[in-house]
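Trainee: okay, sequence plus prediction incoming.
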There are 2 protein chains.
Amino acid sequence: MIPGKEAVLATMQRVAPHVHRTPVLTATSINTMVGGDVYFKCENFQKMGAFKMRGATNAIAQLSAQALEKGVATHSSGNFAQALALSAKAKGIKAYIVMPNSAPTIKKTAVLGYGAEVIESGPTLKDRETMLEQVIEKTGATFIHPSNNMDVILGQGTAAHELIEEVPALNYIITPVGGGGLIGGTALATHYLSPTTKVIGGEPFGADDAYHSLKAGKIIPPENPQTIADGLRTALGDQNFPIIQQHVTEIIRVEEEEIIAAMRTVWERMKIIIEPSSAVALAALLRNKEQFKGQRVGLIVSGGNVDLNQLPF
Amino acid sequence: MIPGKEAVLATMQRVAPHVHRTPVLTATSINTMVGGDVYFKCENFQKMGAFKMRGATNAIAQLSAQALEKGVATHSSGNFAQALALSAKAKGIKAYIVMPNSAPTIKKTAVLGYGAEVIESGPTLKDRETMLEQVIEKTGATFIHPSNNMDVILGQGTAAHELIEEVPALNYIITPVGGGGLIGGTALATHYLSPTTKVIGGEPFGADDAYHSLKAGKIIPPENPQTIADGLRTALGDQNFPIIQQHVTEIIRVEEEEIIAAMRTVWERMKIIIEPSSAVALAALLRNKEQFKGQRVGLIVSGGNVDLNQLPF
């Protein structure tokens, strides 16, 4: 069941008081490169540095008093781990985060810093899922999936919602595609609030499962995805895939060098720090420049959490 | 002769239409570190990436029609070279920039990209000054000094002017100190527009000529300055020194490691790119944390032009 317009509007009311209304930035030099108008919705300035805060906030806000008492749990080594930890802290409830023992210390430290409990698992997805089941059995916490949860999807859509309110008459909105939460929420919000705006996904060739899933008409999980855009190595889910099928026009795939070049362009020209996953959206735009000439294009800059010791340049 | 309030107000009128009104950002995590409220005036988002655009714009706007016809000239291998080039381009006049042959290609390319003529000189200050004299003799262009020119100083003050308009009742404004243009203009604008706000300079121990000059009561040029903050290796001048003497409360000196740590803090926490010279202001604040506890402090983030191939981390 795909949510209706009422759900999109209610989500905005629910989420807005708890997240930053992030700025929309433009850059003359990038507009000149494209020959169009590009609007960057800067979720790198969001709390904890990524749009994931929106979905986590919305999911927690929907829990019953009884569920809140037992806390929330997820498995993630990325931004969602931090987002759930911080949202839980803001709500005053417990968060249990299952992270692979291979995860960088810096990520564990960040989650611990937000007051969550970190439970280490083996490195595979199976290891993590098994550990998560154990945690949930023991604690009674509610599992919040990072991307395949309708409240999370709706929450992620509030970034596009704000963008549409601020910048009317967009021809396109481009987002990166990972687990499908961001693009699903964006497509839904855009469908109801700006129906003539087309939503496009950017995806690395090295993790192009959404591209193949849309072609096949069914979810095809990525096999051994290889990309610098570490947020985009995950699979779509049954909650977001139908939305993507109905409301996303196209997936544009990009090479790794294009991602790094786009990231560098934004750092140099706009003086803002965006993570590789975010650069995928600009890389997609620049790869298909002709398509966007003279158009008004919104880009969701998904986040800015970069390890400065591991830069690609 | 130190300009009066009328000059400060007129400068704002003159400069505002030609520069970005840059945003003022805050970061909860940095406020927590400091125990006060810190307001970052983000001149890294200014045209060409630094506050220098303001001074260059103001100086050019003050030229006679006859002078405009012959263009402007300066010697600089840093942000002022780009600022004068871009301001001249916007005004449709010629700019001659003397740069040492040792300057990085990337900097020459940037200046050429703004349509200026680059004239190479030998590497010493003397070489540059001699070459500049020759250029001026040949072309009749007006020399615009990067920091020791009252129109430049007044122009640089418009960043503080905007900050004061946007954030009332600041206890302090901190700027980096290099050639004295930024801190001079800031001190002047603050003196007239927010007289209870104290202006403080941040300066590297490796280039602490302003500190010693204020102590001695006369300009003592830096001897072989060594600092990562490449914009701060220059000397004060007779135009800005009297302003600094009268209206700057204090110079706080910082170590190189403190500059790099402050720069990294801003990149990681605020997701914005600031150059080492800008980080000096935050480093000064963090070094003397006790002084700023519970205070409202404005920081002028001077610029964001960083060579991503030469990062200190």
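Mentor: Yes, it's here.
Trainee: counting contacts, what elements does the lowest-mean-pLDDT helix or strand in chain A pack onto?
Mentor: For chain A, the helix or strand with the lowest mean confidence is helix A:105-113, at a mean of 90 (criterion: mean pLDDT, DSSP states H and E). Helices and strands touching helix A:105-113, as assessed by 3 or more C-beta pairs under 8 Å, 6 or more residues apart in numbering or on different chains; DSSP states H and E, comprise helix A:79-91, strand A:95-100, strand A:117-121. Heads up, the C-betas are built off the backbone N, CA and C, glycines and all.
Trainee: alpha carbons of that helix, as CSV, please.
Mentor: Extracted C-alpha coordinates of helix A:105-113, given in CSV (Å, rounded to 0.1, in the frame of the first residue of the first chain):
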residue,chain,number,x,y,z
THR,A,105,36.2,2.8,15.3
ILE,A,106,35.2,6.3,14.3
LYS,A,107,31.7,5.1,13.5
LYS,A,108,31.3,3.2,16.7
THR,A,109,32.5,6.2,18.6
ALA,A,110,30.0,8.5,17.0
VAL,A,111,27.1,6.2,17.8
LEU,A,112,28.3,5.7,21.4
GLY,A,113,28.6,9.5,21.6
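Trainee: the residue in chain A sticking out farthest from the centre sits in which helix or strand?
Mentor: Among the C-alpha atoms of chain A, the one farthest from their average position, using C-alpha atoms, centre = their mean, is that of residue A:138, at 29.3 Å. Taking DSSP states H and E as the definition, residue A:138 sits inside helix A:125-139.
Trainee: residue A:184 now?
Mentor: Residue A:184 is located in helix A:181-193, with elements delineated by DSSP H and E.
Trainee: any residues touching that helix, and which ones?
Mentor: Outside of helix A:181-193, the residues that reach it under the criterion C-beta atoms under 8 Å, 6 or more residues apart in numbering or on different chains are A:2-5, A:8, A:51, A:55, A:146-149, A:152-161, A:164-165, A:173, A:175-177, A:197, A:199, A:201, A:210, A:239-240, A:243-244, A:246-248, A:300, A:302.
Trainee: which residues touch the closest residue to residue A:258 other than its chain neighbours?
Mentor: Counting by C-beta to C-beta, 6 or more residues apart in numbering or on different chains, residue A:258 lies nearest to residue A:283, which is 4.2 Å off, once chain neighbours are set aside. The contact partners of residue A:283, taken as C-beta under 8 Å, 6+ apart, are A:202, A:254, A:258-259, A:261-262.
Trainee: give me that answer again for 7 Å
Mentor: A:202, A:254, A:258-259, A:262 (C-beta atoms under 7 Å, 6 or more residues apart in numbering or on different chains).
Trainee: ok, so of those residues, who is nearest residue A:108?
Mentor: For the contacts of residue A:283, the minimum distance to residue A:108 (C-beta to C-beta) is 25.9 Å, reached by residue A:259.
Trainee: list the helices and strands the helix or strand encompassing that closest one packs on?
Mentor: For residue A:259, the host element (DSSP H and E) is helix A:256-270. Where contact means 3 or more C-beta pairs under 7 Å, 6 or more residues apart in numbering or on different chains; DSSP states H and E, helix A:256-270 is packed against helix A:28-34, helix A:276-287.
Trainee: let's see it at 10 Å
Mentor: Under the contact criterion of 3 or more C-beta pairs under 10 Å, 6 or more residues apart in numbering or on different chains; DSSP states H and E, helix A:256-270 touches helix A:28-34, strand A:37-42, strand A:198-204, helix A:276-287, strand A:296-301.
Trainee: next, the angle helix B:256-270 makes with it.
Mentor: Calculated by axes from the mean of the first three to the mean of the last three C-alpha atoms, to 10 degrees, helix A:256-270 forms an angle of 110 degrees with helix B:256-270.
Trainee: so how far is helix A:256-270 from its chain's centroid?
Mentor: Centre-to-centre, helix A:256-270 and its host chain are 19 Å apart (C-alpha atoms, centre = their mean, to the nearest Å).
Trainee: of the contacts of helix A:181-193, keep whichever come out buried.
Mentor: Judged by neighbour count, with 16 or more other C-beta atoms under 10 Å in any protein chain shown as the criterion, the buried members of these are A:2-3, A:8, A:51, A:55, A:146-149, A:152-161, A:164, A:173, A:175-177, A:197, A:199, A:201, A:210, A:239-240, A:243-244, A:247-248, A:300, A:302.
Trainee: which pLDDT value goes with the residue nearest the centre of chain A?
Mentor: Closest residue to the average C-alpha location of chain A: residue A:182 at 4.3 Å, with C-alpha atoms, centre = their mean. pLDDT recorded at residue A:182 is 98.
Trainee: over to residue A:127?
Mentor: pLDDT, residue A:127: 94.
Trainee: not counting sequence-adjacent ones, nearest residue to residue A:211?
Mentor: residue A:251 (4.4 Å).
Trainee: residue A:140 too?
Mentor: Residue nearest to residue A:140 in three dimensions, not counting chain neighbours: residue A:70, with 4.1 Å by C-beta to C-beta, 6+ apart.
Trainee: do I have it right that residue A:254 meets residue A:200?
Mentor: No: shown here, residue A:254 and residue A:200 do not form a contact pair, counting by C-beta atoms under 10 Å, at 11.9 Å.
Trainee: one step back: mind listing what the helix or strand encompassing the residue nearest to residue A:211 pairs with, with the direction of each?
Mentor: Secondary structure here is read from DSSP H and E; on that basis residue A:251 sits in strand A:250-254. Strand A:250-254 pairs in its sheet with strand A:198-204 (parallel), by DSSP bridges.
Trainee: what's the helix or strand just after the strand it pairs with packed up against?
Mentor: Counting by DSSP H and E, the element after strand A:198-204 in chain order, helix or strand, is helix A:209-216. Here helix A:209-216 touches strand A:198-204, helix A:241-247, strand A:250-254, going by 3+ C-beta pairs under 10 Å, 6+ apart.
Trainee: quick one, helix A:209-216 and strand A:250-254 angle?
Mentor: Taking the same axes, to 10 degrees, one finds helix A:209-216 and strand A:250-254 inclined to each other by 140 degrees.
Trainee: can you give me the offset of helix A:209-216 from its chain's centre?
Mentor: Its chain's C-alpha centre lies 18 Å from the corresponding centre of helix A:209-216 when counted by C-alpha atoms, centre = their mean.
Trainee: need the residues that contact it.
Mentor: Applying C-beta atoms under 10 Å, 6 or more residues apart in numbering or on different chains, the contact partners of helix A:209-216 are A:176-180, A:183, A:201-205, A:208, A:218-223, A:225, A:232-236, A:240-241, A:244-245, A:248, A:250-253.
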